[in-house]
Structures are given as structure tokens and as C-alpha cells.
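Enquirer: Let me see the structure of the following:
(one chain, ligands or ions: 4)
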Amino acid sequence: QAKALGKARYEVFNRDMHTRALTRLQLENDLRRAIERQEFMVFYQPIICLSTGLISSLEALVRWKHPQRGLVRPDHFIPIAETTGLIIPLGLWVLEQSCLQLKSWQEQALQRQEVFDISISVNLSVKQFSQPGLIEYIDQILARVDLDSKILKLEITESAIMDNPKLASELFEQLKLRKIQLSLDDFGTGYSSLSYLHQFPLDILKIDRSFISNLDSLEKNLEVVQAILNLAHHLGMSVVAEGIETQEQLSLLRLLGCELGQGYLFAQPLDAESMETLLLSHPQW
Ligand code: C2E
Ligand code: MG
Ligand code: MG
Ligand code: MG
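Expert: Ligands and ions are numbered 1, 2, ... in the order given. As a prediction, the model looks like this:
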């Protein structure tokens, strides 16, 4: 009987694996066509300056409107896009799309004679980071959109640096020449090899939301968060706390001297239209 049960379990397991492989294969196929079919959308989530309560930057977060599956989250398709190389065209599309959108918001504000100093933050995957000609592509997009490069922030992860530190150095040098700012995303989840931090011209460090997300974990991680803040400030970097969901977390992070924050407490990632409405309301937290 135990054996039969074991076999049944094995089959369930097997079927499950099979289904997952099939889903992945289907997603992979659909992904190839999704760019041409214009199924991707860029959502925007504000990053708030904690001392003024005003929006400092908007992070571009890609969404896939799958014709059958509905909205697919990036965690489900970015890894597939990475292994298939589709991340290269997709990443450039996201970059251009978000630059165009920011330009449009800049111009609208200009027409209303309002000050608009919000920057755009775009995620770069490991694969994109080692894409030949990346700098030239960025130059072309900025020129086409006629956007000041100072307004662009690129978010990279520790692995993008650690996988090829030499390439990272060369790219960073080029980006610095253009005054493009660099954010280190999801800090604390990767290698967290502290020795490399001061070797690279990083402007912003984003503390991963696993340290912040619920007050419980923030309180538990208080010393760690404080230490990360001290380290970053010592190295001349600003810090974004990701995943702020409650007023308590916000108050605590303000007390700790964290300068920037992002999370559902302020806003979820919004489509361009909803973000435009939010911007027009001049929010201050
Ligand atoms: P990320 O760059 O760390 O982006 C932040 C993620 O945290 C987003 O998930 C955002 O929706 C989520 N988030 C923000 N505030 C909160 C909060 O208060 N609570 C919780 N629980 N979550 C919060 P999203 O949009 O699902 O994106 C997941 C990841 O996919 C991103 O993590 C990024 O690594 C990747 N990604 C998204 N868009 C792009 C893209 O255009 N290119 C590349 N290469 N990667 C992207
Ligand atoms: Mg990011
Ligand atoms: Mg992050
Ligand atoms: Mg992340």
C-alpha cells in the first residue's frame, strides 16, 4: 500500500512537473510574439523623498497583458526573457517607453508652468548589462526622446556587478560621463559582498523589502537597517527603503534617517493614466 501511495505521489509530482514545463514552454512562445503584439505595458511606482514627502522618482515596472492569462507578473516572465535573450529587445522597449512617458509629463508640467524635477528609474537585468552596445542604445534612446540623461536612473542588482566586475567598471564609467545615476537594487539579498561597494560609483542603495515589509521584520532588522544606512551614508550614497506598507514603518525609517522610500503605503505600481492623475494631484506624504 505504501508503495502504491508512493507511486501515486510520484505520478502527481511528475504530472505537476510536466504541467510546469509545458506552461513555461507556452510562455516562452507567447513571449516571442508579445513585443510585436504590443502586449507589454509599463507601470510606474513613485519613490518618495522622506524629508519632503514629495515624489523624487518613478520606477518603471513592466507588465505583460497576456491575451489568455491576463496580467502576468514580471517575476514569472523576466527569468524566461533572460534565458531566451528576449530581455534585450524587451529591456530597450521599456527604457524607451518610460523615457517617452517622462518626457510627456515634463512637457505637460511645463505647459502649466509647474516645476517638475522627477526622475525615471529603469531596471536593467544581468543579461542586458552585458549586452554589447548597451551604452550606444541608451544614447540613441535619450537623443530620440530628447531627454536629459541626468534624469535617468538605472537599477541593477549585485549579481550584475559581481558576474563581471571589469565590465561593470567600464560601463559605470560611461554612465557617469553622462550623469546617469546608478541604484543598487534588492540590497541584502544577493552576495552582499561589502568590499565591492566602495569600488563602484553607485549613487543609491535600495534596501530589499524583505528587511522592511512588515513592521515585525523591520523591528527585527532594525540594527541591520541602521548599519546599512550608516554604511551607505559613509560611502556617500542615498538609501531607498523598498516595501513600505505602514505608517509605523515610515515613521521609523524617517527617524533612522533614510532619505527615500517606496511601497504600497504611498502607491502601488500604476498604469500611465492613473499615474498621471496622481501626479496632477501633487501628492505629499
Ligand atoms: P524590483 O525592481 O525590486 O521592483 C520592486 C517590486 O516590489 C515590484 O514588483 C513592486 O510592485 C513591488 N513592491 C513595491 N512596493 C511594495 C510593497 O509595499 N509591498 C510589496 N509586497 N511589494 C512591493 P514587480 O512589479 O512585480 O516586479 C518584480 C521584479 O521584476 C522587479 O523587482 C524587477 O527585478 C523585475 N522587473 C520589473 N520590471 C522590469 C523591467 O522592465 N526590466 C527588468 N530587467 N526587470 C524588471
Ligand atoms: Mg527595481
Ligand atoms: Mg528591488
Ligand atoms: Mg526585486
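
Enquirer: C-alpha from now on. contacts and neighbour counts both.
Expert: Will do.

Enquirer: how far does stretch 155-164 sit from the chain's center?
Expert: 13 Å (CA atoms, centre = their mean, to the nearest Å).

Enquirer: Using CSV, list the CA coordinates for it.
Expert: Extracted in CSV, the C-alpha atoms of stretch 155-164 (Å, rounded to 0.1, in the frame of the first residue of the first chain):
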residue,chain,number,x,y,z
GLU,A,155,18.6,49.9,-11.2
ILE,A,156,21.0,47.0,-11.2
THR,A,157,21.5,44.1,-8.9
GLU,A,158,24.6,42.9,-7.1
SER,A,159,24.9,39.9,-9.4
ALA,A,160,25.2,42.3,-12.4
ILE,A,161,28.3,43.7,-10.8
MET,A,162,29.7,40.5,-9.4
ASP,A,163,29.3,38.4,-12.5
ASN,A,164,31.7,40.7,-14.4
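
Enquirer: Return the residues of the chain in contact with ligand 3.
Expert: 185, 186 (CA under 5 Å from the ion).

Enquirer: now with 8 Å?
Expert: Neighbours of ligand 3 within the chain, by CA under 8 Å from the ion: 185, 186, 187, 206, 207, 208, 209, 242.

Enquirer: what about the fifth one, how many neighbours?
Expert: Other residues near residue 207 number 23, with proximity taken as other CA atoms under 10 Å.

Enquirer: And it, what's its pLDDT?
Expert: Listed pLDDT for residue 207 reads 94.

Enquirer: And residue 4, by the same measure?
Expert: Reported pLDDT for residue 4: 62.

Enquirer: Which positions in the helix or strand hosting residue 279 come out as buried?
Expert: According to DSSP states H and E, residue 279 maps onto helix 272-280. In terms of neighbour count (16 or more other CA atoms under 10 Å), helix 272-280 has its buried residues at 272, 275.

Enquirer: Next up, identify which helix or strand the residue in the stretch 51-200 of the chain that ligand 3 sits nearest to is on.
Expert: Nearest residue of the stretch 51-200 of the chain to ligand 3, counting by CA to the ion: residue 186, 4.2 Å away. Assigned by DSSP H and E, residue 186 belongs to strand 181-187.

Enquirer: buried ones in that strand?
Expert: Within strand 181-187, the residues that count as buried by 16+ other CA under 10 Å are 181, 182, 183, 184, 185, 186, 187.

Enquirer: Just list what that strand packs against, helices and strands only.
Expert: When contacts are defined as 3 or more CA pairs under 8 Å, 6 or more residues apart in numbering; DSSP states H and E, strand 181-187 packs onto strand 152-156, helix 158-163, strand 204-207.

Enquirer: same thing but at 7 Å, please
Expert: strand 152-156, strand 204-207 (3 or more CA pairs under 7 Å, 6 or more residues apart in numbering; DSSP states H and E).

Enquirer: now, of those strands, which is deepest in the fold?
Expert: Of all the helices and strands packed on strand 181-187, strand 204-207 has the most neighbours on average by mean count of other CA atoms under 10 Å, namely a mean of 24.

Enquirer: and it, is it in reach of ligand 1?
Expert: No - contact of strand 204-207 with ligand 1 (CA under 6 Å from any ligand atom) is absent, the minimum separation being 8.3 Å.

Enquirer: Okay, helices next: where are they in the stretch 51-200 of the chain?
Expert: Taking DSSP state H, counting those that start in this stretch as the criterion, the stretch 51-200 of the chain carries its helices at 74-84, 87-111, 126-129, 134-145, 158-163, 165-177.

Enquirer: Give me the mean pLDDT for stretch 258-271.
Expert: The model assigns stretch 258-271 a mean pLDDT of 98.

Enquirer: Just the residues contacting that stretch, thanks.
Expert: For stretch 258-271, contacts defined as CA atoms under 7 Å, 6 or more residues apart in numbering pick out 42-51, 229, 238-246.

Enquirer: and residue 145, how far is that from residue 238?
Expert: Using CA to CA, to the nearest Å, residue 145 is found at 28 Å from residue 238.
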